[in-house]
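>>> pasting the sequence and the predicted model now:
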Amino acid sequence: MAHVSTTTLPPKRRSFNELLSTDLRALPIVIGLVALWIFFASQSDVFLTPRNLSNLLVQSTVVGIMALGLMFVLLVKEIDLSVAAINGVTSVLMAKLIVEFGFSPWISVPIAILLGAGIGSLSARWVTFVGVPSFVVTLGLGLALNGLQLILLPETARYSLNGTGLERIALTNISGSWAWIVLFIGLAAFAALIISEVAGRRKAGLETALVQAVVLPMAAATVFGIIVVMILTAHQGIPLVLLIFAVLLGIGGYILRETQFGLFLYAVGNNDEAARRSGVNVARIKMAAFAIAGGVAALAGIIAASRTLGVGVFSGGGVGGGTLLLESIAAAVIGGVSLFGGRGSIHAALLGALVIGTVSNGLNLMGVENEIRLIVTGLLLVLAVSIDKLIEKTTGQQSF
Amino acid sequence: MAALTAEQQRTVAPVGGTPLISMRNIQKHFGSLHALRGASVDVHAGEVVALVGDNGAGKSTLVKVMAGVHAADSGDYLFEGKPVRVNTPTDATRLGIQTVYQDLALCHNLDAVQNLFLGRELTGSPWGGRRIRRAESEVRAREVLTRMRLGGMSLTRPVGAMSGGQRQNIAIARSILWTPKVVILDEPTAALSHSAAESVATLIRTLADQGLGIVVVSHDIHHFVVNSTDRIEVMRLGANVASFKSSEVTGEQVVNAMVGGNEGVNLAG
Ligand SMILES: Nc1ncnc2c1ncn2[C@@H]1O[C@H](COP(=O)(O)OP(=O)(O)O)[C@@H](O)[C@H]1O
Ligand SMILES: [Mg+2]
């Protein structure tokens, strides 16, 4: 967890290696993303239009949200291969409740999310108490949920959600001055967070450079936010779906960076025996991680259902999870979450999903076939992990 | 009985005053294996006691009984002169007994502060999701490290990027963060280079000078044990076979006692 680090009492400058191993870990992926954007901008006049960029962001949200949830499980050195199936089965159940049983979306949406969290914690229980590796438990569970999804579907194999009110999630855009108000609220929350941190340091008598700790991050966030909102409002405004993703990123980042639970996730992922001996309830932390992944996957399923105006066999990536499962895992890993536990920051979900969304969107604009898209995404995944390994080697930190 | 033998073979009386910990005639079986046959050890405030002996002599078992990891089958466990029951690690922690295990139990992806406080974080209210009070933690960590003369250690570097000696020091710092009375160290210098072992030895002395009682299991007889401890308890086959004042003994003599080159030990017990 990278805390503002102007603090070591004999103020030492941190070496480049040290920076690379913490704060700058995201640098290669950001550079890669910029390179992709430059490439696609040179290949297609449409790529950098507000309309396309807005689409690209929206197209990246479902995978991004899935990756965000999955991160929690990856951090504790487990994997959940059932997230796509949870995404599918909970959204189908939600649609069934709305269409067949006349439930309000306001009730069926929370039910779906809670069910997702419940399924997640169930696999965690299985993993921690029975001791079966999580990839086996969740692989099997995923297939079982796929079967359940098919059973829940009607003869027509599809529930339309058109006119149920649920489609509004995908159709709502926050435009005009509201978009700027939303940005302002987000920036204010960020400011409150970093200012409270600096205030805490001052109170504790620690030297903190205001420029580095407050001004620079605030300026960066403001410039970044203004650019994004300008692009989005030039098209239709901030899509609600994107706002949901942004809020989840904010909450997730706070949990991982600031809270005790977040710290425990990293501790358990790196050395569960050490965590246990320190009094951390490892089984409970893992259960919470799986529950978060499941609940978040269900939420992503609801958003996907809203975007496609219905659910069907295809929901949750279809049987076996399809590209949805693979892209969710790939997004987290490309973004810098280690499959070996204990490493990864919240921006991984965003950056990884953007890389995958960009490749898909860009190649689509170039008229390249779907097959090629899969090949490119696959190669990028291997490349990203290789770069990561290389950094680990040069900074001499194979241990995490 | 082995216990009698052990008592008879004491060559020096322990230093005066009520010991912080006094373990007498401790018996411990693992199934049919008789691991401790009346082992005894005293730890006084301000002294460093070395536990030495060949592999399988029962050193680790004895310190685990002391730390509450194993419950003794029989024997007396006095803490500050009063009989106590130490059946779990929590019992020991409550008395003020901290243990640094050989594997250190550190999380390599976390920094020094996070490792020092792991499981005992200073946090805010549940409403803020138990936000970690990082600034206060850093100040506390810096205080402890300074007291250990490790003031220059980075607080923000992941422990995995540190040297073995620094990691050992962090593990020791973690054990004294909550101001214990006794610190038990199992093989603290085993995996370290010579200079790193020296710095850990200095640290151990610093802590003893501040009034802690320290128990160290060590194989490093010729350097660490004879130079950096106050008293040496030699164990063989689950019992004490000799006890020395570190300043009055050579490494040779200690090793002889370990391998049983001197008087016969009654193992019939
Ligand atoms: N948990 C255990 N279960 C069974 N036997 C054990 C256990 N721990 C130690 N022993 C046995 O007890 C004896 C003493 O071991 P130990 O205390 O580890 O010796 P030392 O630390 O002096 O090398 C050995 O014979 C060892 O095999
Ligand atoms: Mg041992």
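Nice, thanks for sending it over. Ligands and ions are numbered 1, 2, ... in the order given.

>>> extract the C-alpha set from the strand or helix carrying residue A:354 and format it as CSV.
Assigned by DSSP states H and E, residue A:354 belongs to helix A:347-365. These are the backbone C-alpha positions of helix A:347-365, laid out as CSV (Å, rounded to 0.1, in the frame of the first residue of the first chain):
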residue,chain,number,x,y,z
HIS,A,347,-6.4,1.1,-10.5
ALA,A,348,-5.6,-2.4,-11.9
ALA,A,349,-9.3,-3.0,-12.6
LEU,A,350,-9.6,0.3,-14.5
LEU,A,351,-6.4,0.1,-16.4
GLY,A,352,-6.8,-3.6,-17.3
ALA,A,353,-10.3,-3.2,-18.4
LEU,A,354,-9.3,-0.1,-20.5
VAL,A,355,-6.6,-2.1,-22.2
ILE,A,356,-9.0,-4.9,-23.1
GLY,A,357,-11.7,-2.4,-24.1
THR,A,358,-9.3,-0.4,-26.2
VAL,A,359,-8.1,-3.4,-28.1
SER,A,360,-11.6,-4.5,-28.8
ASN,A,361,-12.9,-1.1,-29.7
GLY,A,362,-9.9,-0.1,-31.8
LEU,A,363,-9.7,-3.3,-33.8
ASN,A,364,-13.4,-3.2,-34.4
LEU,A,365,-13.0,0.3,-35.8
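
>>> test my guess that residue A:120 contacts residue A:295.
Yes: the pair residue A:120 and residue A:295 passes the contact test of Cβ atoms under 8 Å, sitting 6.7 Å apart. Where C-beta positions appear, they are placed from N, C-alpha and C, glycine not excepted.

>>> so what secondary structure elements neighbour the helix ranked longest in chain B?
If each helix of chain B is counted by residues according to DSSP state H, the longest one is helix B:194-209. Contact analysis of helix B:194-209 by 3 or more Cβ pairs under 8 Å, 6 or more residues apart in numbering or on different chains; DSSP states H and E lists strand B:48-53, helix B:164-176, strand B:213-217, helix B:226-228 as its packing neighbours.

>>> buried residues of it, list them for me.
Within helix B:194-209, the residues that qualify as buried are B:196, B:197, B:198, B:199, B:200, B:201, B:203, B:204, B:205, B:207, B:208, counting by 16 or more other Cβ atoms under 10 Å in any protein chain shown.

>>> centre of the chain to it, how far?
From the chain centre to the centre of helix B:194-209 is a distance of 13 Å (Cα atoms, centre = their mean, to the nearest Å).

>>> again, but for stretch B:48-56
Counting by Cα atoms, centre = their mean, stretch B:48-56 comes out at 11 Å from the chain centroid.

>>> and it, what's its mean pLDDT?
Along stretch B:48-56, the predicted confidence averages to a pLDDT of 96.

>>> hmm, who's touching it?
Stretch B:48-56 is contacted by residues B:41-43, B:59, B:62-63, B:204-205, B:208, B:213-219, B:221, B:224-225, B:228-237, B:246, B:254, B:258-259 when judged by Cβ atoms under 8 Å, 6 or more residues apart in numbering or on different chains.

>>> picking up where we left off before, closest to residue B:88 out of the helices and strands packed on helix B:194-209?
Taking Cβ to Cβ as the measure, the helices and strands packed on helix B:194-209 were each checked against residue B:88, and helix B:164-176 came out nearest at 17.2 Å.

>>> contacts for the closest one next, please.
B:98-100, B:104-106, B:112, B:115-116, B:118, B:141, B:144-145, B:148, B:150, B:153, B:159, B:162, B:183, B:185, B:188-189, B:191-193, B:195-197, B:199-200, B:203-204, B:207, B:212.

>>> which parts of the stretch 1-150 of chain B are helices?
Remark: helices assigned in the stretch 1-150 of chain B by DSSP state H, counting those that start in this stretch are B:2-8, B:59-66, B:89-95, B:112-117, B:134-147.

>>> save those as TSV, and put in mean neighbour count, distance to residue B:83 and mean pLDDT too.
Formatted as TSV, the helices of the stretch 1-150 of chain B follow (neighbours: other Cβ atoms under 10 Å in any protein chain shown; distance: least, Cβ to Cβ, whole Å; pLDDT from 0 to 100):
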stretch	mean neighbour count	distance to residue B:83	mean pLDDT
helix B:2-8	18	17	39
helix B:59-66	24	14	95
helix B:89-95	17	12	91
helix B:112-117	26	33	96
helix B:134-147	19	32	92
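
>>> quick one: which of residue A:120 and residue A:295 has more around it?
Neighbour tally, residue A:120 and residue A:295, criterion other Cβ atoms under 10 Å in any protein chain shown: the higher count belongs to residue A:120, 31 against 23.

>>> grab the nearest non-local neighbour of that one.
Residue nearest to residue A:120 in three dimensions, not counting chain neighbours: residue A:294, with 2.4 Å by Cβ to Cβ, 6 or more residues apart in numbering or on different chains.

>>> for the one you found, what is the enclosing helix or strand?
With elements taken from DSSP H and E, the one containing residue A:294 is helix A:282-307.

>>> distance check, residue B:208 against chain A.
25 Å (Cβ to the nearest Cβ, to the nearest Å).

>>> low-confidence ranges, the chain, go.
In the absence of a named chain, this looks at chain A. For chain A, the stretches flagged by pLDDT under 70 are A:1-24, A:395-400.

>>> oops, chain B please
B:1-16, B:261-269.

>>> and it, which residues reach chain A?
The interface of chain B toward chain A, taken as Cβ under 8 Å from any Cβ of the partner chain, is made up of B:89, B:101, B:103-110, B:114, B:118-121, B:123, B:128-136, B:138-139, B:142, B:151-152, B:154-158, B:160-161.

>>> just the buried ones from the contacts of stretch B:48-56?
Buried by 16+ other Cβ under 10 Å: B:41-43, B:59, B:62-63, B:204-205, B:208, B:213-219, B:221, B:224-225, B:228-237, B:246, B:254, B:258, out of the contacts of stretch B:48-56.

>>> check the residues you listed against ligand 1, which are close?
residue B:59 (Cβ under 6 Å from any ligand atom).

>>> ramachandran angles for the residue positioned nearest the centre of chain B?
A centroid search over chain B (Cα atoms, centre = their mean) returns residue B:184, at 1.7 Å, as the residue closest to the centre. Main-chain torsions, residue B:184, degrees, to the nearest 10: phi -110, psi 130.

>>> what's the answer for the one 3 residues further on, then?
According to degrees, to the nearest 10, the main-chain angles of residue B:187 amount to phi 50, psi 60.

>>> residue most distant from the centroid, chain B?
Ranking residues of chain B by C-alpha distance from their mean position (Cα atoms, centre = their mean) puts residue B:127 at the top, at 39.3 Å.

>>> all set, thanks.
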